[in-house]
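> next input, structure requested:
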Amino acid sequence: MTPADLLTDAFGRVLDDVEAVLDGLDEGTLAAPPAPGANPVAWLVWHLTRVQDDHVADVAGTEQVWHSGGYADRFGLPLEPGDIGFGHTAEQVAAVRAPAELLRDYHRATHEATLAFVRTVGPDDLDRVVDTRWDPPVTLGVRLVSVVNDCTQHVGQAAYVKGLLERATR
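Purely as a prediction, here's the structure:
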């Protein structure tokens, strides 16, 4: 298995889980927090996709899908154009509202851009330093594993929130 195969499989699992969590949810349910101040499904999916888009575009040297695909305009969020959700207040979290189809489209487009990059990654590329702001400096391999880890944590949270909300309406 090559690094490209491994990364394609990992990001493919994220896509599958995002698709499953969005399935059957209307915009109101997507925006509903499971408790006051908690993150709703829409914010979790938007945030994990923004992180993937931002971080992969950075290491790939490409423009983020958020901008190149017109998603910043399509979402029309009252946030700065480069915002990816880190440090959001409860009010900022609540402002992230979108229908499932838009969240799904943005994640699919980000996934395709991610795959276009990871297909080019070979074993020697994984040791390339991509961020010197940390000690030790962050390599491409570490950054990509970090992105997968962040995405899987947030999509798991989104699935949990979906389950809580579905249980509450039974």
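
> pLDDT value on residue 20, please?
Confidence at residue 20, expressed as pLDDT, is 98.

> excluding sequence neighbours, find me the nearest residue to it.
Excluding the flanking residues, the one nearest residue 20 by C-beta to C-beta, 6 or more residues apart in numbering is residue 159, at 7.3 Å. The way it works is simple: take the backbone N, C-alpha and C, and place the C-beta from them, glycine included.

> contacts for stretch 8-22 next, please.
By C-beta atoms under 8 Å, 6 or more residues apart in numbering, the surrounding residues in contact with stretch 8-22 are 30, 41, 45, 48-49, 52, 100, 103-104, 107-108, 111, 114-115, 118-119, 148, 151-152, 155-156, 158-159, 162.

> scratch that, stretch 61-74
With C-beta under 8 Å, 6+ apart as the test, stretch 61-74 has contacts from 50, 53, 54, 57, 81, 102, 105, 106, 109, 110, 113, 117.

> just these: which are in helices?
Here DSSP state H is the test, and those give 50, 53, 54, 57, 102, 105, 106, 109, 110, 113, 117 as lying in helices.

> between these, which is nearest residue 128?
residue 117 (12.8 Å; C-beta to C-beta).

> and the strands in this structure, which stretches?
When assigned using DSSP state E, the strands of the chain occupy the ranges 129-131, 138-139.

> who's in contact with the nearest residue to residue 154 once chain neighbours are set aside?
Nearest residue to residue 154 in three dimensions, chain neighbours excluded: residue 48, at 3.9 Å (C-beta to C-beta, 6+ apart). With contacts defined as C-beta under 8 Å, 6+ apart, the neighbours of residue 48 are 14, 18, 150, 151, 154, 155, 158.
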